[in-house]
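Trainee: Need coordinates for the following:
(chains A and B)
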Amino acid sequence: DAKTTQPPSMDCAEGRAANLPCNHSTISGNEYVYWYRQIHSQGPQYIIHGLKNNETNEMASLIITEDRKSSTLILPHATLRDTAVYYCIVRVAYNQGGKLIFGQGTELSVKP
Amino acid sequence: GAVVSQHPSWVICKSGTSVKIECRSLDFQATTMFWYRQFPKQSLMLMATSNEGSKATYEQGVEKDKFLINHASLTLSTLTVTSAHPEDSSFYICSARFPDTQYFGPGTRLTVL
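Mentor: As a prediction, this is how the structure comes out:
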């Protein structure tokens, strides 16, 4: 599975959009981009995933560049409860041996 | 939907004893479950992949005789830490695959005295 690079930390003002970048320049055509977050002392929470197209759900939006070498997770109106470590992970489908391998992630602090 | 539970949420045991952690998928069936371990201020480390009805697949460097995994049903996987020592103290987290996304349990904090 391809490696991802994320900034170690970011700050965001409450109520503003939080844009979390992720670089995955060695991604293969059959690898998906997954985003999870982990609030302190809890299990990771699934946020969103995509292959090529941009995706949106009730939690966030995922923007994937056309060359698929990077992506951005957008939390449209960050709240204090969004303070967490956000993980960007790329992997192939499970039936191709894909595993969810966590990197160091981005520690997002939402401030009042 | 896609809720995963773990029991216990925390456990304290004496060195040399064994501890069993349960992972359950509450509203779906999971043919595949995963076990992770997380030390303080570190990321999650995949320990093993558990498939229902077959032997678990362990990641390199994880002792299969120390971390016994059983996935006896489509909703339950167990991790037994045998002869636990203080260095096994950690946050153990399971996840279940449904259908192509993994959902995580709340974790179990193990402290070995």
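Trainee: hey, where'd the strands end up in the chain?
Mentor: Reading this off chain A. A:9-13, A:18-23, A:31-38, A:45-50, A:55-56, A:61-64, A:70-75, A:84-92, A:106-111 (DSSP state E).
Trainee: please go with chain B instead
Mentor: B:4-7, B:10-13, B:19-25, B:32-38, B:45-51, B:57-58, B:67-73, B:76-81, B:90-97, B:102-104, B:108-112.
Trainee: who does the residue in chain B that chain A sits nearest to bridge with?
Mentor: Closest residue of chain B to chain A, CB to the nearest CB: B:Phe104 (3.7 Å). In this view, the C-beta of every residue, glycine as well, is placed from N, C-alpha and C. Per DSSP bridges, the residues bridged to B:Phe104 are B:Ser95.
Trainee: For chain A, give me the ranges with low pLDDT.
Mentor: A:1-2 (pLDDT under 70).
Trainee: Look through chain A and state the residue closest to chain B.
Mentor: For chain A, CB to the nearest CB, closest residue to chain B: A:Gly43, 3.7 Å.
Trainee: quick one, phi/psi of that residue?
Mentor: Per-residue torsions, A:Gly43: phi -70, psi 150 (degrees, to the nearest 10).
Trainee: That one contacts B:Thr108, correct?
Mentor: No: using CB atoms under 8 Å as the test, A:Gly43 is too far from B:Thr108 to be in contact (9.7 Å).
Trainee: who touches both of the two?
Mentor: B:6, B:93 (CB atoms under 8 Å, 6 or more residues apart in numbering or on different chains).
Trainee: separation between the closest residue to B:Phe28 other than its chain neighbours and A:Tyr32?
Mentor: Using CB to CB, 6 or more residues apart in numbering or on different chains and skipping residues adjacent in sequence, the residue nearest B:Phe28 is B:Phe98, 4.7 Å away. Distance, B:Phe98 to A:Tyr32, by CB to CB, to the nearest Å: 15 Å.
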